[in-house]
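Undergrad: how does the following fold in three dimensions:
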Amino acid sequence: MDHFLALWAATSFIPSIFFLTISLFLLCTAIPISTFIVTTVRYRVSLRAHLRTTSKSSSLLPPTIPYLIPILGSALSFLAPYPGVFWRKLFATHPRETGACTLQLGGQTTHVLFDQTAVSAFFKARGLERDRFNIQLTSNGLGANIHDVHKFWGQGETRREAREKQEAIVQRYIMRTDRVTELSDTFLQTIRRELHDTGKDRNEACDVGIATWIRSRMFTASVRTLMGDRLFDVYPEIVDDWSGYDEAIMSLFCGIPRFIIPDKYAARAKILHGLTRYHRAAWDECKGMIPEPDGVSWEPLYGSRYNRARQLYYQEQEMSVQGKAAMDGGTMFGLASNPPPAVGWALIHIFNPKGDSTLYPRLMQELSSAQKDDSSLDCRLLFGLPLLQSVLHEVLRLYADTLVVRDMHEDLTLPLGGGKKHIFLPNSTTVMAPSWVAQHDESWAKEGVPADRFYAERFLKKDSDSGKETFSLADSNGRFFPFGGGRDICPGRVFAKQIMMIGIATVLVEFQINPLCFINSEGQGCNEFPQFGREYAGAGVVRLDGDLKVRLERPKR
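TA: Numbering: from 1, shown residues only. Below is the predicted model:
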């Protein structure tokens, strides 16, 4: 009897387990289905109101894009590491004429702006801040401990003072014309030395993937210019370690746990360990007396005036050596992760076997006007060359992916469509202006060349009387912002643009270049122009997946 009672007791649970499983399944299915229905209905009502409204006086909330999972919202699709894919899918169903939409991203209500008028007004608006972003970047992304984070950015009443000190350093040492000129001249000398190591016999030709080849040289030259030579003596592995750190930052910034991406955490740890080693060595060598930034323009231990001023700021804030290393990693990330791929994209377009065959000779003719008697470049003339500027800005338009994100602490109303309509953005939400959307808008089409294709002359304007072409950024406010916008626009943008122009120009004048074939990420020949590398939205200039193999030779002079 006991045996049958035990069997009955065991089998009696089977219907219960079955119905429990079915119930859980239906519940898990019902939540996303009902969420999607509710958010879709809400979206349709809001969208209809937006499309019908013509009154300047009324202000509507942007339509919220439908989603399946509460709280999480559109976060998973937004974080997919494929440049431009999220926006392409969004605008396959959402009309761009609304000028804005709202996304639920992990519980954060985020308003996305893609109307030129709204973005321009957003950049000028007051009462916006990115303190939350700064803290997340330096703690999650760069790996600084929270004590150093608060020391660097300030906390409470000291936050404004810390910001003013940082802004003073930027204005004095990296924005002033004479200071930027010093940096650019130093970079020109440094990149020439780096390129001189290619084919040590000047008559020796070598075959390289042009973007891969220039990347390490641009990285080394820019970091030496900013931070000095001693860093490379103490930490010679930095060139090899950098690519892993560069690829890890955005994943770390998003807060993805260590057990999911242990290799990313390891890559950052390598860089931080090396930079910490350098900081200790430099501190011992200068005996705690960092050279004054108003002394020589550059010295080997700490490099530029700007870097020395930052080191003195770290010291004043009493940051730990690990905190200094983390913040230097962030400075290097901003400087060294964007110019190298931008120069790579530019060179591939210039030598594209399927592209405009006249572009290379026209650039060489233009560059001849900026060369001195010894064939070196005069930076002051170089930076004014219209075709070179247009090529660079077209590369930044196509390949720079920047998210300008600000938190709001008061309500904000922005104009749309030249002021014909307005949108209302409530307090305690986030506003985002994605450069990818603005810079790939079809309004960029020119002379029959669509917005998604490279066109070297897109930023040139011809004078109707003289026929002379000049570089122009006319009507680009609110639709071209590769370096961000507003008060927190990238402080090093002028220097960054200048070293990109120097990088492109120096390669062109130092070598004779013959394109051979496109190659894929494994180095094998192919017929396809390089694609976008895997990248999270907002990571800066998109990396390449593939390259152009070329033959480099020194010109006979």
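
Undergrad: low pLDDT regions in the stretch 251-400 of the chain?
TA: Scanning the stretch 251-400 of the chain for pLDDT under 70 picks out no residues.

Undergrad: 90 instead, please
TA: 251-257, 260, 333-337, 372-376 (pLDDT under 90).

Undergrad: for it, what spans make up the helices?
TA: Listed in chain order, the helices of the stretch 251-400 of the chain (DSSP state H, counting those that start in this stretch) span 262-285, 305-316, 321-336, 339-350, 359-368, 379-382, 386-399.

Undergrad: now those helices in CSV, please, with extra columns for mean neighbour count.
TA: C-betas here are computed from N, CA, C, even on glycine. Shown next, in CSV, are these (neighbours: other CB atoms under 10 Å):
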stretch, mean neighbour count
helix 262-285, 17
helix 305-316, 21
helix 321-336, 21
helix 339-350, 26
helix 359-368, 15
helix 379-382, 17
helix 386-399, 22
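
Undergrad: nearest to Gly492, of those?
TA: Closest to Gly492 of the helices of the stretch 251-400 of the chain, according to CB to CB: helix 321-336, at 6.3 Å.

Undergrad: now the closest one against helix 305-316, angle please.
TA: 160 degrees (axes from the mean of the first three to the mean of the last three CA atoms, to 10 degrees).

Undergrad: give me phi/psi at Thr40?
TA: phi -70, psi -40 (degrees, to the nearest 10).

Undergrad: tell me who's in contact with it.
TA: Going by CB atoms under 8 Å, 6 or more residues apart in numbering, Thr40 touches Pro66.

Undergrad: that one and Pro262: what is the separation?
TA: Going from Thr40 to Pro262 by CB to CB, to the nearest Å gives 39 Å.

Undergrad: and the nearest residue to Leu128 once chain neighbours are set aside, what is it in contact with?
TA: Spatial nearest neighbour of Leu128, excluding adjacent residues (CB to CB, 6 or more residues apart in numbering): Arg406 at 3.9 Å. Applying CB under 8 Å, 6+ apart to Arg406 gives the contacts Phe122, Leu128, Glu129, Arg130, Thr430, Val431, Gly486, Asp488.

Undergrad: who is the third one paired with across the strands?
TA: When you say that, I think you mean Glu129. Asp407 (DSSP bridges).

Undergrad: that one touches Glu410, doesn't it?
TA: No. At 10.9 Å, Glu129 does not count as touching Glu410 under the criterion of CB atoms under 8 Å.

Undergrad: okay, the two: which has more neighbours?
TA: Between Glu129 and Glu410, counted using other CB atoms under 10 Å, the more crowded position is Glu129 (15 against 12).

Undergrad: quick check: the more buried one vs Asp452, distance?
TA: Glu129 sits 34 Å away from Asp452, going by CB to CB.

Undergrad: equivalent analysis for Asp401, please.
TA: The value you get for Asp401 to Asp452, if CB to CB is used, is 14 Å.

Undergrad: settle it for me: which of those two has more neighbours?
TA: Asp401 (22 against 11).

Undergrad: name the nearest residue to that one, ignoring sequence neighbours.
TA: Nearest non-adjacent residue to Asp401 (CB to CB, 6+ apart): Trp436, at 4.9 Å.

Undergrad: what sits against the one you found?
TA: Pro83, Gly84, Trp87, Asp401, Thr402, Ala537.

Undergrad: top of those residues by neighbour count?
TA: Thr402 (25 neighbours).

Undergrad: and the residue nearest to that residue when sequence neighbours are not counted, how many neighbours?
TA: The spatial neighbour of Thr402 that comes closest, neighbours along the chain excluded (CB to CB, 6+ apart), is Ser435 at 4.1 Å. By other CB under 10 Å, the residues close to Ser435 number 25.

Undergrad: can I assume Ser435 is in contact with Phe481?
TA: Yes. Counting by CB under 8 Å, Ser435 does reach Phe481; the two are 5.3 Å apart.

Undergrad: what do these two both touch?
TA: Thr402, Val404.

Undergrad: wait, doesn't Gly417 sit right on Phe114?
TA: No. Counting by CB under 8 Å, Gly417 stays clear of Phe114, with 11.7 Å between them.

Undergrad: out of the two, which sits in the more crowded spot?
TA: Neighbour totals were compared for Gly417 and Phe114, and Phe114 leads with 24 against 14 (other CB under 10 Å).

Undergrad: contacts only, for that one.
TA: Arg96, Gly99, Ala100, Ala433, Pro434, Val437, Ala438, Asp441.

Undergrad: ok, now Val234?
TA: Gly274, Arg277, Tyr278, Ala281, Ala282.

Undergrad: next, give phi and psi for it.
TA: phi -80, psi -40.

Undergrad: please report how far it lies from Ser466.
TA: The gap separating Val234 from Ser466 is 55 Å, by CB to CB.

Undergrad: secondary structure class for Val494?
TA: helix (DSSP: H, G, I helix; E, B strand; the rest coil).

Undergrad: please report the distance of it from Glu164.
TA: 21 Å.

Undergrad: now swap in Gly274 and tell me
TA: In terms of CB to CB, Gly274 sits 32 Å off from Glu164.

Undergrad: and Ser222, by the same measure?
TA: Distance from Ser222 to Glu164, by CB to CB: 27 Å.

Undergrad: higher neighbour count, these two?
TA: Ser222 (27 against 11).

Undergrad: now do stretch 514-532, average pLDDT.
TA: Across stretch 514-532, the average pLDDT comes to 93.

Undergrad: tell me how far that stretch is from the chain's mean position?
TA: 24 Å (CA atoms, centre = their mean, to the nearest Å).

Undergrad: okay, how far is it across it, tip to tip?
TA: End-to-end span of stretch 514-532 (CA to CA, to the nearest Å): 24 Å.

Undergrad: give me the buried positions along it.
TA: Buried residues in stretch 514-532, counted by 16 or more other CB atoms under 10 Å: Pro515, Leu516, Phe518, Ile519, Phe529, Pro530, Phe532.

Undergrad: what does stretch 204-224 give?
TA: Under 16+ other CB under 10 Å, the buried positions of stretch 204-224 are 208-215, 217-224.

Undergrad: farthest pair within the residues you listed?
TA: Spatially, the most separated pair among the buried residues of stretch 204-224 is Gly209 and Arg224, at 22.9 Å (CB to CB).

Undergrad: quick one, helices of the stretch 101-250 of the chain?
TA: Listed in chain order, the helices of the stretch 101-250 of the chain (DSSP H, counting those that start in this stretch) span residues 116-124, 131-136, 146-153, 159-170, 177-196, 210-227, 230-234, 238-253.

Undergrad: which strands and helices sit next to the fifth one?
TA: Read it as helix 177-196. helix 210-227, strand 303-304, helix 305-316, helix 379-382, helix 493-510 (3 or more CB pairs under 8 Å, 6 or more residues apart in numbering; DSSP states H and E).

Undergrad: for the ones you listed, which one sits closest to Thr29?
TA: helix 210-227 (47.1 Å).

Undergrad: now that closest one, how far from the centre of its chain.
TA: 17 Å.

Undergrad: and if you look at stretch 40-55?
TA: Counting by CA atoms, centre = their mean, stretch 40-55 comes out at 33 Å from the chain centroid.

Undergrad: which residues does Asn352 contact?
TA: Asn352 touches Pro515, Phe529, Leu548, counting by CB under 8 Å, 6+ apart.

Undergrad: going by distance to Ile502, which of these wins?
TA: Closest approach between the contacts of Asn352 and Ile502, by CB to CB: Leu548, at 20.5 Å.

Undergrad: quick one: the strands in the stretch 351-500 of the chain?
TA: Assigned by DSSP state E, counting those that start in this stretch, the strands in the stretch 351-500 of the chain fall at 400-401, 403-408, 412-416, 421-425, 430-434, 460-462, 469-471.

Undergrad: got the buried residues for the last one?
TA: Going back to what we said before, that points to strand 469-471. For strand 469-471, by 16+ other CB under 10 Å, it's Phe471.

Undergrad: from the contacts of Phe114, list just the buried residues.
TA: Looks like these have Gly99, Ala100, Ala433, Pro434, Val437, Ala438, Asp441 buried, using 16+ other CB under 10 Å.
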